[in-house]
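J.: I would like to see how this sequence folds:
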Amino acid sequence: MRIDNRGRSPEELPPLAIRLPDSDPPIALEALTPTVAARYLPAFVPPAQWPTTWKEKASRRTAFEGGGIYVDFEARGPGLITLCSHCHGGRHSPVLCTADGSVCHQLPLTYEGLVELIGPPDRVQRVREVTY
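T.: A predicted model of the protein is given here:
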C-alpha cells in the first residue's frame, strides 16, 4: 500500500495513522516527522545491487525503513509512505489505523478493513483476470 503525498502539504495527508515498530499509540500521518520516524525506524540504506546513481540519489533523501514500513520525507513533511506485508523476501505486519487510533488493521487489508479505515469507495471496478 502506498500513500503518495509528494508535492502536497501535510494537511492533505489522509486522516490515518501507522503503528511504527514499538510505537504505542499509533502515530498520525500528519504528526510524522523525521525526528519521530528516527525513534522507531532505522535510516533507509539502498540495496547493494542498486546502480551507483540510484544510491547517490537515495543518500540525499531523508528516509527510514523497517518492519514493512518505508517513509520518505520532503521539506514539508512525509512525501511517500509505503506499507508492505510481503517484501524483500520476508513477511511483515504493518498496521494502519484511523487518525485517532481507534480502529486499526494489519496488512494485508481486507475490503471491509479498508472501508472501516477510509470509508466506502465512490466506485468499485470488478477485475476478472489479472495478467502480468
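
J.: what residue ranges in the protein score low on pLDDT?
T.: Under the criterion pLDDT under 70, the flagged ranges of the chain are 88-89, 130, 132.

J.: all strands for it, in order.
T.: 2-4, 16-19, 27-28, 62-66, 69-73, 78-83, 86-87, 90-91, 95-98, 104-106 (DSSP state E).

J.: of these, which is nearest residue 41?
T.: Closest to residue 41 of the strands of the chain, according to Cβ to Cβ: strand 62-66, at 3.8 Å. C-beta: built from backbone N, CA, C; applies to glycine.

J.: the closest one packs against which elements?
T.: Counting contacts by 3 or more Cβ pairs under 8 Å, 6 or more residues apart in numbering; DSSP states H and E, strand 62-66 packs against helix 34-40, strand 69-73.

J.: just say which of the ones you listed is most tucked in.
T.: By mean neighbour count, with neighbours taken as mean count of other Cβ atoms under 10 Å, strand 69-73 ranks first of these at a mean of 21.

J.: next, count neighbours for the nearest residue to residue 65 once chain neighbours are set aside.
T.: Spatial nearest neighbour of residue 65, excluding adjacent residues (Cβ to Cβ, 6 or more residues apart in numbering): residue 44 at 4.4 Å. For residue 44, the count of nearby residues is 16 (other Cβ atoms under 10 Å).

J.: my read: residue 44 touches residue 69, true?
T.: No: using Cβ atoms under 8 Å, residue 44 is not in contact with residue 69, being 10.6 Å away.

J.: ok so, going back, would you list the strands of the chain in TSV and tack on distance to residue 53?
T.: TSV is the format used below for these (distance: least, Cβ to Cβ, whole Å):
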stretch	distance to residue 53
strand 2-4	22
strand 16-19	30
strand 27-28	33
strand 62-66	17
strand 69-73	17
strand 78-83	19
strand 86-87	23
strand 90-91	27
strand 95-98	33
strand 104-106	36
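
J.: that'll do, ta.
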